[in-house]
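Visitor: no sequence on this one, just coordinates:
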């Protein structure tokens, strides 16, 4: 049985593989909303922003560190790098699912500093 966590992970993997429109068609629910303050809250606005970001940074990579599921909520903790040279970002995506589709999305990001004082690192 495919879980909501599986759907969230596949959605992110499709995004990074430049299959953004396909990811939205497969995983985004009809009344989807997101809470990224940089864009309008609808699916199309966020999808277009992702397409634009991947056009500017075609070598984006993700490394999923943790994936947690609790009923209709899924949290994915990952390391995102726009290119090999940068230290990247620590990001947590929080998905709310409805009927097997992503209904709502939040994200929190922190840039990984080049000089990390914490000997355990961010991951």
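Guide: It's in. Everything numeric here is computed off the predicted structure, so don't read it as measured data.

Visitor: is the residue nearest to residue 122 when sequence neighbours are not counted in a bridge, and if so with what?
Guide: The shortest distance from residue 122 to any non-neighbouring residue, by CB to CB, 6 or more residues apart in numbering, is to residue 90 (4.9 Å). C-betas here are computed from N, CA, C, even on glycine. Applying DSSP bridges to residue 90 gives these bridge partners: residue 79, residue 110.

Visitor: can you start the count at 646 instead of 1 from here on
Guide: Sounds good: first residue 646 from here, last item residue 735.

Visitor: run through the residues that contact residue 735.
Guide: 722, 723, 724, 754, 755, 757, 767, 768 (CB atoms under 8 Å, 6 or more residues apart in numbering).

Visitor: which is the next helix or strand following the helix or strand containing residue 677?
Guide: For residue 677, the element it lies in under DSSP states H and E is strand 673-679. Toward the C-terminal end, the helix or strand that comes next after strand 673-679 (DSSP H and E) is helix 688-701.

Visitor: coming back round to it: what does the strand holding residue 677 rub up against?
Guide: Applying CB under 8 Å, 6+ apart, the set of residues contacting strand 673-679 is 656, 686-688, 691-692, 742-744, 746-752.

Visitor: what lines up beside it in the sheet?
Guide: Going by DSSP bridges, the partners of strand 673-679 are strand 746-756 (parallel).

Visitor: quick one: the partner strand to helix 688-701, angle?
Guide: In terms of direction (axes from the mean of the first three to the mean of the last three CA atoms, to 10 degrees), strand 746-756 departs from helix 688-701 by 40 degrees.

Visitor: how many residues are close by residue 647?
Guide: 8 (other CB atoms under 10 Å).

Visitor: so is it in a helix, a strand, or just coil?
Guide: coil (DSSP: H, G, I helix; E, B strand; the rest coil).
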